[in-house]
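J.: 3D, please:
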Amino acid sequence: MIGSLAKSKCIVACIADDLNAMILAAHACKDHWGLVELYTRASDLAVEQDAECFFLTYAYVFALQTGHPNQIDLKARLKHYGRE
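T.: Okay, here's the model as predicted:
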């Protein structure tokens, strides 16, 4: 599964090891609210559009699941790239 691959290694070179570790820890703790913030931060740091949208998608999914207020902004960002 793609998500498990993303959780097992850092897939974007510019994502700092500490951010990757925080994402893994948030998954382990099932901190979905925190994952919205962490995946959004990862998307902001991504150097390629595909990577940015990958992280945005995860942020958006967790935002929808938790009712996070950033879900509107995340959807707009995905829509901007034609990935709604």
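
J.: now the helices for the protein?
T.: 2-8, 17-28, 32-45, 49-66, 71-80 (DSSP state H).

J.: how about CSV for the ones you listed, with mean pLDDT and mean neighbour count added?
T.: C-betas here are computed from N, CA, C, even on glycine. Formatted as CSV, those follow (pLDDT from 0 to 100; neighbours: other CB atoms under 10 Å):
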stretch, mean pLDDT, mean neighbour count
helix 2-8, 46, 12
helix 17-28, 90, 15
helix 32-45, 95, 20
helix 49-66, 96, 19
helix 71-80, 97, 15
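
J.: Am I right that residue 64 is in contact with residue 70?
T.: No: Residue 64 lies out of contact with residue 70 (CB atoms under 8 Å); the separation is 10.4 Å.

J.: Find the centremost residue of this protein, please.
T.: Against the mean C-alpha coordinate of the chain, by CA atoms, centre = their mean, the closest residue is residue 39 at 2.5 Å.

J.: Next one: the residue nearest to that residue when sequence neighbours are not counted from residue 17, what distance?
T.: For residue 39, ignoring the flanking residues on the chain, the nearest one in space by CB to CB, 6 or more residues apart in numbering is residue 59 at 3.7 Å. Using CB to CB, to the nearest Å, residue 59 is found at 20 Å from residue 17.

J.: residue contacts, the residue nearest to residue 39?
T.: 35-37, 39-40, 43, 70, 74 (CB atoms under 8 Å, 6 or more residues apart in numbering).

J.: From the residues you listed, pick the one nearest residue 49.
T.: Taking CB to CB as the measure, residue 49 lies nearest residue 43 of these, at 10.1 Å.

J.: any idea how far the closest one is from residue 28?
T.: Noted for residue 43: a distance of 21 Å to residue 28, by CB to CB.
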